[in-house]
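Q: what follows is a predicted structure for the sequence shown.
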Amino acid sequence: MMGFARINWFKYSSPQAFYPLAGRLIPWCAAAAMLLIGAGLYLGFFVAPTDFQQGQSYRIIFVHVPAAWMSMFLYVVMAIWAGLGLGLNARPSFMMAQAIAPTGALFTFLALVTGAMWGKPTWGAWWVWDARLTSELILLFLYGGVMLLRTSIDDSRRADRASAVFALVGVVNVPIIYFSVRWWNTLHQGASVSMTAAPKMAATMLMAMLVMTLGFWMYSLAVTLARMRCVILERERQASWDTPPSQQDALEVS
Amino acid sequence: MNQLGMFAALCDIIRRDLLLALRRRSDVLTTVLFFILVGSLFPLGVGPEPAVLRTIAPGVLWVAALLSCLLSLGRLFTADYADGVLEQMLLIPQPLSLLVIGKVTAHWLISGLPVVLLSPLLGLQFGLTGEALGVLTLSLLLGTPTLSFIGAIGAALTLGVRGSSVLIALLVLPLFIPVLIFGAGAVSSSASGIGAGAHLSLLGAGLLLALALAPWATATSLRIALE
């Protein structure tokens, strides 16, 4: 354990040291994601029992609930990186926030689409103006705003900081989404999984959902790290550490 | 810095912005005319059925108020940014968030208050009566300052940015949604006899939250834009 403690973790806060680390982590995360998502889908679609009220259509929740969790979780993580970037004036934190945003938006979109697929057979409508649906839609707009603000400012330092402020302002929405079903008591059902109450669903269903969540988590890590590598390459293109010396000469000539 | 000095600075900024608005009266009039026009488009589009109009009135008037606030947000900092006054304002000894509170207050007095005062008239045109009219005005009175405070963050973030007028709408409108829900909800629930107390309390809470946090976020964004 001593060897573990002696690693200087701050070393990886420099893009130069983080780049190869991310490269080494990506295959592992990607493999874990494929394995876990595969297992979760198998458990959810073939092992979990059929719901006596909703029939087979309920099985979409094995994608829907983990995607909705990840959409909120990733927003908070993005905001934490953005806040760290503002507080510590650290560029890699902003890069991390930039790398997380598209994945978060993807999961928000996935949660909305799978929700619509579930809503049609169960509620009889693709879309209902329910508190949770609306606040999840706002979350999608907030992800869009963060990304749009970044791309429309040319100066990368200002783009980083402005989108970080906007990401932090938008955090207000996350507890609203999470508690919306309890506060407004509208059509969307209450929390599927609770830490305090006894589980309302069969153990296999819970298992499938948790495995899917872990799988989505690993997927997010793999994709974010890959995107982070692209962001680093794009922003550090003037730095000389990422190209071998032979190519550097070629670059200077061209 | 004594408290009197801070208060005097706040008053000075409000007075200056109001004076500037008075010199350019057409800007104020556009916002108000826009509110009336958007409000009167709906009866033409939906049809003059009184029962329908009474149902949609809270939402329509609130959306109109929200859009007219958005219309005037672009002017909040741009003129001062263009002629360099804003950079000088960063140097004043009073905290920047105080300046933001002053500018937002002036913005609300110019573009929000006329809308609040005109809303009973438009409400009458939509067939709202008695208590619902009062609740509409009260909800706008509590809600429009919140809109100005939230909008100031967007205005500061998009200062001098390409296509800022569209961008500000995309940034700010999602943040306006809770205010819209509670504001229109207050009128609807008072019309249906439930009472508007809960919604109005939430609007007030939103205003206090915005008053506490938005000036700080706006000041940070202004510093980012001007560094």
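A: Okay, I see it.
Q: going forward, measure contacts between C-alpha atoms and count neighbours the same way
A: Will do.
Q: which residues of chain B lie near chain A?
A: With the criterion set to C-alpha under 8 Å from any C-alpha of the partner chain, chain B comes near chain A through B:157-158, B:161-163, B:167, B:170-171, B:174-175, B:217, B:220-221, B:224-225.
Q: among those residues, the buried ones, what's the ChimeraX command?
A: Filtering the residues of chain B next to chain A down to the buried ones (16 or more other C-alpha atoms under 10 Å in any protein chain shown) takes a single ChimeraX command:
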select /B:157,158,161,167,170,171,174,175,217,220,221,224,225
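Q: restricted to helices, list the residues of chain B next to chain A.
A: Among those, the residues falling in helices (DSSP state H) are B:Leu157, B:Leu167, B:Leu170, B:Leu171, B:Pro174, B:Leu175, B:Ala217, B:Thr220, B:Ser221, B:Ile224, B:Ala225.
Q: and A:Leu148, how many neighbours?
A: Counted with other C-alpha atoms under 10 Å in any protein chain shown, residues neighbouring A:Leu148 total 16.
Q: roughly how far apart are it and B:Ile153?
A: 16 Å (C-alpha to C-alpha, to the nearest Å).
Q: show me the shaky parts of the chain.
A: I went with chain A, as the question did not name one. A:1-7, A:9, A:52-53, A:181-202, A:241-254 (pLDDT under 70).
Q: ah, I was thinking of chain B
A: B:1-4.
Q: the helices in the chain, which residues?
A: Just so you know, I chose chain A. Using DSSP H, helices in chain A cover A:2-6, A:15-42, A:61-88, A:91-123, A:131-152, A:156-170, A:173-184, A:203-235, A:245-253.
Q: wrong one, chain B
A: Under DSSP H, chain B gives helices at B:3-23, B:25-46, B:50-73, B:75-82, B:85-89, B:96-107, B:113-125, B:130-157, B:164-191, B:197-226.
Q: tell me the most buried of those helices?
A: Stretch with highest mean neighbour count among those: helix B:130-157 (a mean of 25; mean count of other C-alpha atoms under 10 Å in any protein chain shown).
Q: other SSEs contacting that helix?
A: helix B:50-73, helix B:75-82, helix B:96-107, helix B:113-125, helix B:164-191, helix B:197-226 (3 or more C-alpha pairs under 8 Å, 6 or more residues apart in numbering or on different chains; DSSP states H and E).
Q: need the residues of the stretch 51-200 of chain A near chain B, please.
A: With C-alpha under 8 Å from any C-alpha as the criterion, the stretch 51-200 of chain A meets chain B at residues A:138, A:141-142, A:145, A:148-149, A:152-153, A:158, A:161-162, A:165-166, A:169-170.
Q: tell me which two of the residues you listed sit farthest apart.
A: A:Ile138 and A:Arg158 (24.5 Å; C-alpha to C-alpha).
Q: any idea how far A:Ala208 lies from chain B?
A: Relative to chain B, A:Ala208 is positioned 34 Å away (C-alpha to the nearest C-alpha, to the nearest Å).
Q: correct me if wrong: A:Ser57 contacts A:Gly119.
A: No. Using C-alpha atoms under 8 Å, A:Ser57 is not in contact with A:Gly119; the gap is 9.5 Å.
Q: OK, contacts around the closest residue to A:Val174 other than its chain neighbours?
A: With C-alpha to C-alpha, 6 or more residues apart in numbering or on different chains as the criterion, A:Val174 has its nearest non-adjacent residue at 6.2 Å, and that residue is A:Met72. With contacts defined as C-alpha atoms under 8 Å, 6 or more residues apart in numbering or on different chains, the neighbours of A:Met72 are A:Gly104, A:Thr108, A:Val174.
Q: what residues does stretch A:210-227 touch?
A: By C-alpha under 8 Å, 6+ apart, stretch A:210-227 touches A:22-23, A:25-27, A:29-30, A:32-37, A:39-41, A:62-63, A:66-67, A:69-70, A:96, A:99-100, A:103.
Q: may I see the buried residues of it?
A: Buried-residue list, stretch A:210-227, by 16+ other C-alpha under 10 Å: A:210-227.
Q: equivalent analysis for stretch A:65-80, please.
A: Buried, per 16+ other C-alpha under 10 Å, within stretch A:65-80: A:65-72, A:74-80.
Q: among those residues, which one sits closest to B:Val135?
A: Among those, A:Met72 lies closest to B:Val135 (C-alpha to C-alpha), at 34.7 Å.
Q: quick one: that closest one from chain B, how far?
A: For A:Met72, the distance to chain B - C-alpha to the nearest C-alpha - is 16 Å.
Q: then A:Val171?
A: Distance, A:Val171 to chain B, using C-alpha to the nearest C-alpha: 11 Å.
Q: so who does that residue touch?
A: A:Tyr75, A:Val76, A:Ala79.
Q: ok, now which ones touch the first one?
A: A:Tyr75 sits next to A:Ala101, A:Gly104, A:Tyr143, A:Val171, A:Val174 when contact means C-alpha under 8 Å, 6+ apart.
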